[in-house]
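1. Mind looking at a prediction? Sequence and model below.
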Amino acid sequence: MNNVMAVMRRELKSYFLTPVAYVFIVIFLILSNTFTFYLGNFYERGQADLMPFFNFHPWLYLFLVPALSMRLWAEERKSGSIELLMTLPIELWQAVLGKYLAAWLFTALALALTFPIWITVNYLGDPDNGVILAAYVGSLLMAGGFLAVGSCISAATKNQVIAFILSVVACFVLLLAGFSMVLDLFSAWAPQALVDTVASLSFLTHFASISKGVIDLRDLVYFALLIGVMLYANAIVLELKKAD
Amino acid sequence: MIDCQNLVKHYGPLLAVDDLSFQVEPGEVLGFLGPNGAGKSTTMRVIAGFLPASSGRVTVCGYDIATHATAAKACIGYLPEGAPSYPEMTPRAFLDFVADIRGMHGDSRRARLAEIYGLLHLEHVLEQSIDTLSKGYKRRVGLAQALLHDPQVLILDEPTDGLDPNQKHEVRELINAMAKDKIIIISTHLLEEVDALCNRAIIIAQGRILADDTPANLEARSKFHNAVSLRLADNVALEQIRKEIDALGDVERTEVDANANRLTAFPAPGRMPLRAISELSAERGWEFAELHLESGRLDEVFRTITGGAAA
Ligand SMILES: Nc1ncnc2c1ncn2[C@@H]1O[C@H](COP(=O)(O)OP(=O)(O)OP(=O)(O)O)[C@@H](O)[C@H]1O
Ligand SMILES: [Mg+2]
């Protein structure tokens, strides 16, 4: 665990040594507020909750999280520092987990910095803070899912642009897995069971119930499994591709 | 000890290392020599545990690098080719990270870090991002990282590439001072480095070992081995002298560089012409600006062994 923490600390430090951290946080805050107030009709709805705020998170993450995750491994591979990291006495999973946790912690920080909107809604009305907390948890879990997908894809290439584009596409498919747009691709030929499985993979469906304040064990398991599987795949991809 | 048995490494269809076997014992400083693309870095990457071997077995400090990688890596200090690191970090933060992973704590950690800063003269650049350091300083940071935990096994891929002559000298001193009870493998294109550092040299080309011997024995393979080289004050008598030296039984043939007034006498097989030549010149009263015995030229041996073509 010490090694995981060491890798995580180093990675986090690097975020703040480059403009990545600041750009990400500023853009995240600006966009999340813009969406909430202009597109979400925060005031006009006349309701004391943060639905318009959280409803846009999946779409925000769709582009911002891959921008964060694209460099995770692609950059190490490009600069050759992966050779250094992998010849230090740590296990592969420790490196994968450490870097992933750094990115996740960082998005948690960005998310935490949206707290003024929570204060605002409490000032304006009398919201159900339990629901809001649950929605924050859901949002963080969803970001974690996106990040795990992005991290895995980033391990497969040296090129950050490719990592970004592929991650956006993969996350987009995962987001919309429950919608006819994706399901139609399957329903024509696949058995109903498979279609249902695909549908059950949708980020949006799982996020929607959490953001309504319903923390269902199945949703938590879904995100935990997704993250676990993706990080496992991440380690395998690294093992195979680190030499190229 | 490092034990490398029938090591083979493919990159896809390309055979980079072809059935290498060798052992290195503590106290040995092994130099890897070979033309570009010979497979030196690849071999080092396998030993350091970065790349899995396609076949064969490597054990370091008694640990199989394939099955007990972490334990093996703990006793290795490795400087990868090009000394990669995290460019946005400062040397201080970077070395702190390595010390974390190496499990160093407390006072001994602080003392060792301070010692390493001093050894590699990093004090002035500790707070500057590695990105903005000169090439030589980047290399020193890489060396610092490899030496930090005072490892039993050191694997250094072109450690003095990019260093200024003073630093080159100091790094060699550093390696020499550590060499006594450690296992050190360095790769280099600087043949004088092999003389200065190594007590064993392996010449590799196309993934195969072509020679494995001490530098002195390798030099003995040179046609210059035991040759006598002399320089005259002026070239008036050069041709005359050449004829007389050529006639000596110990001398097989001579070469003359008329512009430099230099004459080199190559020995007949197994002979040492120095004595005969110096007696002859005393007899004739020749005056030389310079006269010396060649021990052999590693670069010439290198070219002969590796066929000159690939290099
Ligand atoms: N990641 C890789 N993918 C494919 N081929 C590679 C890779 N790395 C090295 N090679 C090839 O393997 C061979 C050996 O390369 P290696 O880097 O081990 O040579 P080297 O002896 O260190 O050369 P140099 O003196 O130039 O450093 C070369 O033909 C090289 O092109
Ligand atoms: Mg090399």
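-> Happy to help now that I have it. Ligands and ions are numbered 1, 2, ... in the order given.
2. Now name the helix or strand holding the nearest residue to residue B:194 once chain neighbours are set aside.
-> Closest residue to residue B:194 apart from its sequence neighbours, by C-beta to C-beta, 6 or more residues apart in numbering or on different chains: residue B:31 at 4.4 Å. Heads up, the C-betas are built off the backbone N, CA and C, glycines and all. If you go by DSSP states H and E, residue B:31 is part of strand B:29-33.
3. Check which helices and strands the helix or strand just after that strand sits against.
-> Counting by DSSP H and E, the next helix or strand C-terminal to strand B:29-33 is helix B:40-47. For helix B:40-47, the packing partners by 3 or more C-beta pairs under 8 Å, 6 or more residues apart in numbering or on different chains; DSSP states H and E come out as strand B:2-11, strand B:14-24, strand B:29-33, strand B:55-60, strand B:153-157, strand B:183-187.
4. what's in contact with helix B:40-47?
-> A:83, A:243, B:2, B:4, B:7, B:9, B:11, B:16-17, B:20, B:32-34, B:51-53, B:58, B:60, B:65, B:76, B:78, B:80-81, B:155, B:157, B:185, B:187, B:204, B:207 (C-beta atoms under 8 Å, 6 or more residues apart in numbering or on different chains).
5. residues touching residue B:109, list them.
-> Shown in contact with residue B:109 (C-beta under 8 Å, 6+ apart): residue B:99.
6. Then it would be within a helix, right?
-> Yes. With DSSP: H, G, I helix; E, B strand; the rest coil as the criterion, residue B:109 is assigned to a helix.
7. Please report the distance of it from residue B:98.
-> Plainly put, residue B:109 is 11 Å away from residue B:98 if you go by C-beta to C-beta, to the nearest Å.
8. what about the helices in the chain?
-> You didn't pick a chain, so chain A it is. A:2-17, A:20-34, A:51-55, A:57-69, A:71-79, A:81-86, A:92-112, A:115-124, A:129-155, A:160-175, A:180-187, A:192-200, A:203-211, A:217-241 (DSSP state H).
9. My question was about chain B, not that one.
-> According to DSSP H, the helices that chain B contains are B:40-47, B:69-74, B:91-101, B:106-119, B:135-147, B:165-178, B:191-197, B:215-220, B:238-246, B:274-284, B:298-305.
10. how about the third one, does it get close to chain A?
-> By that I understand helix B:91-101. Yes. Helix B:91-101 is in contact with chain A by C-beta under 8 Å from any C-beta of the partner chain, via B:93, B:97, B:98, B:100, B:101.
11. ok, now the second one?
-> Yes. Legend: contact between helix B:69-74 and chain A by C-beta under 8 Å from any C-beta is shown at B:70, B:71, B:73, B:74.
12. Keeping just the C-alphas, turn that helix into CSV.
-> Output of helix B:69-74 as CSV, limited to C-alpha atoms (Å, rounded to 0.1, in the frame of the first residue of the first chain):
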residue,chain,number,x,y,z
ALA,B,69,10.6,-9.7,-10.1
THR,B,70,10.0,-7.4,-7.2
ALA,B,71,12.6,-9.0,-5.0
ALA,B,72,15.1,-9.0,-7.8
LYS,B,73,14.4,-5.3,-8.7
ALA,B,74,15.0,-4.3,-5.1
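13. Which strands and helices lie in contact with it?
-> Partner elements for helix B:69-74 (3+ C-beta pairs under 8 Å, 6+ apart): strand B:63-64.
14. so what strands line up beside the strand it packs on?
-> Using DSSP bridges, the strands paired with strand B:63-64 in its sheet are strand B:55-60 (antiparallel).
15. ok, residues contacting the partner strand?
-> Strand B:55-60 has contacts (C-beta under 8 Å, 6+ apart) with B:1-8, B:19-21, B:46-47, B:49, B:64-66, B:72, B:75-76, B:153.
16. how about a cut-off of 7 Å?
-> With C-beta atoms under 7 Å, 6 or more residues apart in numbering or on different chains as the test, strand B:55-60 has contacts from B:2-8, B:46-47, B:64-65, B:72, B:75-76, B:153.
17. tell me which of these is nearest to ligand 1?
-> Nearest to ligand 1 out of the contacts of strand B:55-60 is residue B:46 (C-beta to the nearest ligand atom; 9.7 Å).
18. Which residue, neighbours along the chain excluded, lies closest to the residue in the stretch 201-311 of chain B positioned nearest to ligand 2?
-> Residue of the stretch 201-311 of chain B nearest ligand 2, by C-beta to the ion: residue B:204 (10.5 Å). With sequence-adjacent residues excluded and distances taken as C-beta to C-beta, 6+ apart, residue B:204 is closest to residue B:34, at 3.8 Å.
19. wait, the one you found sits on residue B:206?
-> No. Counting by C-beta atoms under 7 Å, residue B:34 does not reach residue B:206; the two are 8.7 Å apart.
20. Next, the contact list for the residue positioned nearest the centre of chain A, please.
-> Central residue of chain A (C-alpha atoms, centre = their mean): residue A:143, 2.3 Å from the mean position. By C-beta under 7 Å, 6+ apart, the contact set of residue A:143 is A:61, A:65, A:107.
21. ok, now with 8 Å
-> A:57, A:61, A:65, A:104, A:107, A:108, A:111 are the contacts of residue A:143 under C-beta under 8 Å, 6+ apart.
22. Please produce a PyMOL select command covering the buried subset of those.
-> Selecting the buried subset of those in PyMOL, with 16 or more other C-beta atoms under 10 Å in any protein chain shown as the burial test, is done by:
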select buried, chain A and resi 57+61+65+104+107+108+111
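23. ok, back up a step: in a markdown table, list the residues of helix B:69-74 next to chain A along with pLDDT, neighbour count and distance to ligand 2.
-> Listed next are the residues of helix B:69-74 next to chain A as a markdown table, based on pLDDT from 0 to 100; neighbours: other C-beta atoms under 10 Å in any protein chain shown; distance: C-beta to the ion, whole Å:
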| residue | pLDDT | neighbour count | distance to ligand 2 |
| --- | --- | --- | --- |
| B:70 | 94 | 15 | 25 |
| B:71 | 95 | 15 | 26 |
| B:73 | 96 | 26 | 20 |
| B:74 | 95 | 20 | 24 |
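24. So which of those residues is the closest to residue B:273?
-> Ranked by distance to residue B:273 (C-beta to C-beta), the residues of helix B:69-74 next to chain A are led by residue B:73 at 52.5 Å.
25. who touches that closest one in this structure?
-> With contacts defined as C-beta under 8 Å, 6+ apart, the neighbours of residue B:73 are A:87, A:88, A:89, B:48, B:49.
26. which parts of stretch B:187-203 are buried?
-> B:187-191, B:193-198, B:200-203.
27. now, which of these sits nearest residue A:202?
-> The closest of the buried residues of stretch B:187-203, once distances to residue A:202 are taken by C-beta to C-beta, is residue B:187, at 52.8 Å.
28. show me what contacts the closest one?
-> With contact taken as C-beta under 8 Å, 6+ apart, residue B:187 is in contact with B:31, B:32, B:33, B:34, B:40, B:41, B:44, B:156, B:157, B:158.
29. Between all of those, which two are separated the most?
-> It's B:34 and B:156 that sit farthest apart of the contacts of residue B:187, by C-beta to C-beta, at 15.4 Å.
30. which residues touch residue 64?
-> Since no chain was named, I'll use chain A. By C-beta under 8 Å, 6+ apart, the contact list for residue A:64 reads A:24, A:27, A:28, A:31.
31. Sorry, I should have been clearer: chain B.
-> Contact partners of residue B:64, counting by C-beta under 8 Å, 6+ apart, are B:57, B:58, B:72.
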